[in-house]
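Participant: Have a look at this prediction, sequence included:
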Amino acid sequence: MKVLVSLWLLLAPLLAWAEPTVAGRVEDSEGDARIYDDARTMRPAKAGEVVREGDSVVTGADGEVHLAMADEGQIAVRPNTRMRIAKYKAEGGSGDSSVIALVQGALRSVTGWIGKYNPKGYAVRTPTATIGVRGTDHETRVVPEGSSEGEPGTYDKVNQGATVLSTAQGKTEIRPNQAGFVGLAGKARPRVLTAVPTFFAPARFDRRFENLHERVRERIDSRRNERIQSFKERRRQLDERRSLPSGERQRPPEAHRSGQREQWQERQRERRERLEAGRPDSRLRGDGGGRRLDERSSGEGRRVEQERRGMAGERGGGGRGGEHRPGAAAPGGGGRGH
């Protein structure tokens, strides 16, 4: 049991950090819109709901969801769509990535700092193609077989910037006001269409995309720097917890939110100093630990004192039997007869 407790104390801070990465939040939602986690647990895609790496967003015929991503990017999930946040990391470094799996339906994406600083880490993947970006506002649609919308396959339209439509057969760059296409069979090289398909029509949330590309570009540098500093602080706190003795490895109680982080850190420093100085600390032994230690010490002292007094008494008794001290009464009252 002690081994299990020690392992838990060691791993608890790391497990707390192992939860799925927050990828963004629902900014707006209408109609039938749901979010599923990896365990297939469903929750409504309501405004303010957090979306994480591994989550899927599913919309019905009247559903649409607008996501504000952690890297300041924006995604609009269109009706009749199934998409999954396959991979996401937005810490501001070279390892940032955003991989969206679009199974069916359509989405529009304005990329954030991942698309600007690490475009190789950004991709929209469909059943037939992979779409990369170069600082982009683009729309992707997967048309299933038998649809009246047009030839089945993957379509991508560029509003600003550029995308690269890739398959095993090759890749094609799509520029503003163009649309690219890859057939469902995926046996032909991606190509640029002669005209943009009519299904790329404005949707309900497209009013949010007016000048959005420019607004995002204005703020992503400052937000990225804030993110970098935030993760540096989190790593520092994690390193500090790892350096503590196992009994001290608890997370600060939401200290970064409540404003008590400095007080918590001061308490940890004081406790470490006590440990280093070898001074007793009843909080580290459990309630009453110091009291029990004092009781054991005082009890041992009383026992020694009682033994010492008993030995002194025995020595005194022997003296009374062997010799008469001046002024002391003789045993048996014989002294009173003289």
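Facilitator: Perfect, I can see it now. Numbering: from 1, shown residues only.

Participant: Next, the contact list for residue 97, please.
Facilitator: Shown in contact with residue 97 (CB atoms under 8 Å, 6 or more residues apart in numbering): 87, 88, 89, 114, 118, 121, 122. In this view, the C-beta of every residue, glycine as well, is placed from N, C-alpha and C.

Participant: Leaving aside the residues adjacent along the chain, what's closest to the fifth one?
Facilitator: Nearest residue to residue 118 in three dimensions, chain neighbours excluded: residue 96, at 5.0 Å (CB to CB, 6 or more residues apart in numbering).

Participant: follow-up on the earlier one: could you give me the PyMOL selection string for whichever of the contacts of residue 97 are buried?
Facilitator: Those of these that meet the burial criterion (16 or more other CB atoms under 10 Å) are gathered into one PyMOL selection, given here:
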select buried, resi 87+88+89+114+118+121+122
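
Participant: Which of the contacts of residue 97 sits closest to residue 140?
Facilitator: Nearest to residue 140, judged by CB to CB, of those is residue 122 at 12.4 Å.

Participant: I'd say that closest one and residue 98 touch.
Facilitator: Yes: using CB atoms under 8 Å, residue 122 is in contact with residue 98, at 5.0 Å.

Participant: tell me the domain boundaries of this protein?
Facilitator: Domain assignment for the chain by automatic domain parsing gives 2-208, 222-283.

Participant: so can I have CSV of those showing mean pLDDT and distance to residue 216?
Facilitator: Listed next are these as CSV, based on pLDDT from 0 to 100; distance: least, CB to CB, whole Å:
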stretch, mean pLDDT, distance to residue 216
domain 2-208, 90, 6
domain 222-283, 67, 9
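
Participant: The ones you listed: which one's closest to residue 214?
Facilitator: The nearest among the domains of the chain, by CB to CB, is domain 2-208 at 8.7 Å.

Participant: Span of stretch 31-41 from start to end?
Facilitator: 19 Å (CA to CA, to the nearest Å).

Participant: burial count for the residue found closest to residue 161 once you drop the neighbours it is linked to in the chain?
Facilitator: Take residue 161 and drop its neighbours on the chain: the residue closest to it by CB to CB, 6+ apart is residue 136, 3.4 Å away. Residues near residue 136, counting by other CB atoms under 10 Å, number 26.

Participant: gap between residue 136 and residue 143?
Facilitator: 21 Å (CB to CB, to the nearest Å).

Participant: in this structure, which strand has the most residues?
Facilitator: strand 97-110 (DSSP state E).

Participant: Mind listing the strands that strand pairs with, and their directions?
Facilitator: On the basis of DSSP bridges, the sheet neighbours of strand 97-110 come out as strand 74-77 (antiparallel), strand 82-89 (antiparallel), strand 122-125 (parallel), strand 137-143 (antiparallel).

Participant: out of the ones you listed, which comes closest to residue 106?
Facilitator: Comparing the strands paired with strand 97-110 under CB to CB, the one sitting nearest is strand 137-143, at 4.0 Å.

Participant: which other residues reach the closest one?
Facilitator: If you take CB under 8 Å, 6+ apart as the criterion, strand 137-143 is touched by 78, 102-111, 124, 126-127, 131, 149-161, 163, 174, 199-200, 209, 212-213.

Participant: Could I get the CA-only coordinates of that strand as CSV?
Facilitator: Only the C-alpha atoms of strand 137-143 are listed here, as CSV (Å, rounded to 0.1, in the frame of the first residue of the first chain):
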residue,chain,number,x,y,z
ASP,A,137,-8.7,31.8,-45.4
HIS,A,138,-10.0,28.7,-47.2
GLU,A,139,-13.1,26.4,-47.4
THR,A,140,-13.1,22.6,-47.8
ARG,A,141,-15.9,20.4,-48.8
VAL,A,142,-16.2,16.6,-49.1
VAL,A,143,-18.9,15.6,-51.6
